[in-house]
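> take this sequence and fold it.
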Amino acid sequence: MAESFLSSIAGIVAEKKICLAWGARRKLERFEGVLGTIKPVLVDAEEKQWTNPQLRDWLGKLKDLCYDAEDVLDEFEYHALEHKVVSHGSIKRKVLHFFSSSNPLPFGFKMSHRIREITERLDEIAADKNKFMLASDVSRAPVLYREKTHSFVNASDVIGRDKDKENILQLLKNSCDMESISVIPIVGLGGLGKTTLAKLVYNDECVVENFKKRMWVCISDDFDLKKVIVDIINSIKTTAEGGSGVGLLKHNELSMEQSRTLLRSTLGNEPFFLVLDDTWNEDRQKWIELKTVLMNGVKGNKIVVTTRSHRVASIMGTVPAYLLEGLSYDDCLSLFLKWAFKEGQERQHPKLVHIGKGIVAKCKGVPLAARTLGSLLFSKFEERYWAYVRDNEIWKLEQKECDILPALRLSYEQLPSYLKRCFAYCSIFPKDYNFNNVNLVNMWSSQGLIQQSEEEQDLEDIGDRYIEELLSRSFFQDLVQNWSYVNFKMHDLMHDLAAFVSRTECTLIDCVNPTIPGTVRHVSFSYEVDYEEILRVVGQLNGIRTLLFVVKGKTPHGEQFLNTCNMSMFKCIKMLDLSNSDFDTLPSSIANLKLLRFLNLNLNKRIKKLPNSICKLFHLQTLLLRECNRLEKLPKEIGNLINLRYLAITTKQRDLGGIRHLESLRILLICQCENSEFLLQGMQTLTALRALHIESCSSLETLTPSMKQLRSLEFLRIWDCEKLKSLDGNGEQHIPGLWNLRVLQLIQLPKLEALPEWIRGLKSLDTLCIEECPQLTERWKQTIGEEDWYKISHVSNIYIDGRKLI
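So this is what the prediction gives:
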């Protein structure tokens, strides 16, 4: 990852040199020159660190320095942004700025000194590199990736598991139908394909025909009984009942007794089929409690459990566990070749196939290893490169049972530098976390992990490409495509790999009083924790950059936390998660977090106002205020957030006009703004806006005419606005914009009577989705549909109440 760091730092240095006005340019050029002497040997250094602790320590020192250099450069950029904002302000503001602590003269002296300090440290590190005899300019093959995958297993894509599937189906048939619940455990090492096998069984014709209610729940490390119950209910809603996923329950919305009662009524009086995937719980009492809740008075219910633990299988199973073995050599080779070549292509490369046989022998029948290495070698035809993978030193490292698979470690080493840090950062999320591309890309961006391309692509597009590349290399999996975003997951073993390679920088805290290396910069909590524990952890760390709480519905960071917390502890922070909080006012000292890029205040039910000082966070890219239902208004100078790209808001404010100055905005979500009868007058100034979500605005009656001038808008979703009658915007028919709109989604709009005339002019519109809009749907009945058909006849994909029109 040091290679990625240096590439990122070098790019920032080159960019900042141009705009320096504080006499530090020469020092920065010298810093850049020393960087250039280290960068050529980093690929070789990162590959050799596994067997050389001294080299690993050297790389650690280099990473620490890179973090410090990044902070210095970010401070330069902050003051440049501040100057840009002030230069558009009043004379009074400019005079105040001159006498403030951010005046460029003293600031320049201070920063010049810090650059000299960092350069001296870099000199020492550069001198030490000669001790390791590192090779220069070791190259890597370019990234080539396949089309996106999906979460539903395709039987034709699975090799070597037909017999296992038949065996499990036979166990299901043989298990006694006179029992209320029969449990069949599948046990095997990580990466063998237990989940894939369970999916084959889950989707089998026989299972589908015999069980109207099929549920799939991933348990993973945390067996929280209420969470499991709610996940089962939600699974029924989205699969057995054919739901769209809208309005699913949240774990914190129900008490335990309410969740039990709702589960029993949802299960009804017919047999069910349930998969409990990736189960680790060895507490028999918890299993008995869940089993008791699942008793619905019907015989013949079936549960399939996947686990790595024989003890879990013995606790839960009603029949002996099915022990899943590795693939045969021939099946493993077939799987490897399927991922390494396009269909039939392997016949053109017999020498590569011969080398591949040697690689497959080292995979030891583990499908994940074969698939990952096949993905690594996809469309690479140099024999030298295949031989490098086969003969790599990583295979020779001593392998313990719980160690990272050499195949996965080798695949990680071959990732391009820009993907390494992005992948490693994902270790702060718990296992089986359901990633969302929009949030993940914005978090990556907050840490400077997305490299701006010369083609001036949006950061969001570059981040999505990173996700596609990681999917194509099997670092991510289980892709689910939604209307405006995608969800995906990491295999447990990939999560172990991410945690291993980032162990000195990232930590997921899932227990009390953990031991944390002082070098850690990114921290997340995955268990219910009090504010004192948070402060204890943060107090140990110098330069924390991410603070994330992935256990939602709990409020460890309320008023007490903010009152006790010294904002100086977070001076380097770039991503701060204060969602689900319960404080009235955000302290004005938030302005001291000058490097902050991502601030999450979602679901704070008490907060009434934001300090105007928040508008001094010139680096801020993401601000989330969704379901802050008591928030009275946005700060007056919110337009000063000139880097803001993603804004989600809930407020009592009637007029949201201040938002129109946010010219960098790409994504805007307006949710539960109940006093707004019309939205965003003058919003044509949001020239970069690409996605607009309007949700649950109960007073909204019409759209502002300026909304039709959003020339970059690609996605528009309007949902649950009970008074919305028209999309016309005061009846104006002319459309000067919306040329790039590709997706229009209209959901739960009971008073919307017709689509506007201007829809026919949206030549880029590819997908139109209409759900639960009764008056609008009525117009498309065969008897009267023809009068409106001309408006949308050019749209390729039209969905009405879940049914696609031909």
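> endpoints of stretch 407-419, how far apart?
Its first and final residues considered, stretch 407-419 spans 17 Å by Cα to Cα, to the nearest Å.
> report the longest helix in the protein, please.
In the chain, assigned by DSSP state H, the helix with the most residues is helix 53-87.
> now that helix: mean pLDDT?
Confidence over helix 53-87, taken as the mean pLDDT, stands at 85.
> just stretch 676-687 next, same as before
The average of the pLDDT scores along stretch 676-687 is 79.
> now the strands for the stretch 251-400 of the chain?
Counting by DSSP state E, counting those that start in this stretch, residue ranges of the strands within the stretch 251-400 of the chain are 272-279, 301-307, 322-323.
> hey, which of the ones you listed is tucked in deepest?
Ranked by mean neighbour count under mean count of other Cβ atoms under 10 Å, the strands of the stretch 251-400 of the chain are led by strand 301-307, which reaches a mean of 25. Glycine gets a C-beta too; all of them are placed from N, C-alpha and C.
> what's the angle between that one and strand 272-279?
Our comparison of strand 301-307 with strand 272-279, counting by axes from the mean of the first three to the mean of the last three Cα atoms, to 10 degrees, yields an angle of 10 degrees.
> who's in contact with strand 301-307?
In this structure, residues lying in contact with strand 301-307 by Cβ atoms under 8 Å, 6 or more residues apart in numbering are 168, 172, 175, 180-187, 194-195, 197-198, 201-202, 211, 271-280, 294, 312-313, 316-317.
> just the buried subset of those residues, please.
168, 172, 175, 181-187, 194-195, 197-198, 201-202, 211, 271-280, 294, 312-313, 316-317 (16 or more other Cβ atoms under 10 Å).
> just give the number of residues close to Leu55.
Applying other Cβ atoms under 10 Å, we find 20 other residues in the vicinity of Leu55.
> now swap in Glu632 and tell me
Around Glu632 sit 12 other residues, with neighbours defined as other Cβ under 10 Å.
> same check, this time on Lys199
Other residues within reach of Lys199, judged by other Cβ under 10 Å, total 23.
> quick check, pLDDT for it.
We have a pLDDT of 93 for Lys199.
> now Glu559
Glu559 is assigned a pLDDT of 68 by the prediction.
> what do you get for Leu335?
As predicted, Leu335 sits at a pLDDT of 95.
> next up, the contacts around it.
Ile159, Gly160, Leu327, Pro367, Ala370, Arg371, Gly374.
> what's the closest non-adjacent residue to the fourth one?
Once its chain neighbours are removed from consideration, Pro367 has its nearest residue in Gly193; the separation is 4.7 Å (Cβ to Cβ, 6 or more residues apart in numbering).
> neighbours of that neighbour, just the number please.
Around Gly193 there are 26 other residues, counting by other Cβ under 10 Å.
> over to it: give its phi and psi.
phi 100, psi 30 (degrees, to the nearest 10).
> contact partners for it?
With contacts defined as Cβ under 8 Å, 6+ apart, the neighbours of Gly193 are Val158, Arg161, Leu324, Pro367, Leu368.
> of these - the most surrounded one?
Neighbour counts for the contacts of Gly193 were taken using other Cβ under 10 Å; the highest belongs to Leu368, which has 24 neighbours.
> what about Trp216, which SS state?
strand (DSSP: H, G, I helix; E, B strand; the rest coil).
> which non-adjacent residue is nearest it?
Here the residue nearest Trp216, using Cβ to Cβ, 6+ apart, is Val275, at 4.9 Å.
> bridging residues for that neighbour?
Note on Val275: beta-bridge partners Trp216, Val304, judged by DSSP bridges.
> was I right about it contacting Asn203?
No - counting by Cβ atoms under 8 Å, no contact exists between Val275 and Asn203, whose distance comes to 10.6 Å.
> just to revisit the earlier point, and the residue nearest to Trp216, how far is that from Ser375?
In this view, Val275 and Ser375 are 26 Å apart by Cβ to Cβ, to the nearest Å.
> for Trp483, same thing?
Between Trp483 and Ser375 the distance, using Cβ to Cβ, works out to 28 Å.
> tell me which of the two has more neighbours.
Neighbour comparison, Trp483 and Ser375: the larger count goes to Ser375, with 20 against 12 (by other Cβ under 10 Å).
> the more buried one against Phe476, yeah?
No - contact status for Ser375 versus Phe476: not in contact, 11.2 Å apart, counting by Cβ under 8 Å.
> any idea where the helices of the stretch 401-550 of the chain begin and end?
According to DSSP state H, counting those that start in this stretch, the stretch 401-550 of the chain carries its helices in the segments 406-413, 417-425, 437-446, 459-472, 492-501, 531-540.
> among the ones you listed, which is nearest Arg347?
When the helices of the stretch 401-550 of the chain are compared by Cβ to Cβ, helix 459-472 sits nearest Arg347, at 22.9 Å.
> now do the closest one against helix 492-501, angle only.
If you take the same axes, to 10 degrees, helix 459-472 sits at 120 degrees to helix 492-501.
> from the chain's centre, how far out does helix 459-472 sit?
In terms of Cα atoms, centre = their mean, to the nearest Å, the gap separating the centre of helix 459-472 from the centre of its chain is 11 Å.
> buried ones in that helix?
Taking 16+ other Cβ under 10 Å as the basis for neighbour counts, the residues of helix 459-472 that come out buried are 459-460, 462-472.
> run a quick neighbour tally on the residue lying closest to Lys131 once chain neighbours are set aside.
In space, not counting the residues next to it along the chain, Lys131 is nearest to Gln54; the distance is 7.8 Å by Cβ to Cβ, 6+ apart. Around Gln54 there are 11 other residues, counting by other Cβ under 10 Å.
> distance check, Gln54 against Leu368.
From Gln54 across to Leu368, the span is 32 Å (Cβ to Cβ).
> ok, now Ile184?
With distances taken as Cβ to Cβ, Ile184 is found 23 Å from Leu368.
> again with Ser314
From Ser314 over to Leu368 (counting by Cβ to Cβ), the distance is 25 Å.
> cool, Trp58 as well?
Taking Cβ to Cβ as the measure, Trp58 and Leu368 are separated by 32 Å.
> cool, Met316 as well?
For Met316, the distance to Leu368 under the criterion Cβ to Cβ works out to 24 Å.
> which ones are touching the residue minimising distance to the centre of the chain?
The centre of the chain sits closest to Leu440, judged by Cα atoms, centre = their mean, with a distance of 3.1 Å. The contact partners of Leu440, by Cβ under 8 Å, 6+ apart, come to Cys426, Gly463, Ile467.
> host element of Cys769?
Here Cys769, judged by DSSP states H and E, is contained in strand 767-771.
> pull the helix or strand with minimum mean pLDDT from the protein.
The helix or strand with the lowest mean pLDDT-type score in the chain, counting by mean pLDDT, DSSP states H and E, is helix 91-98 (a mean of 43).
> ok, then the element right after that one?
Tracing the chain past helix 91-98, the next element assigned as helix or strand by DSSP H and E is helix 104-128.
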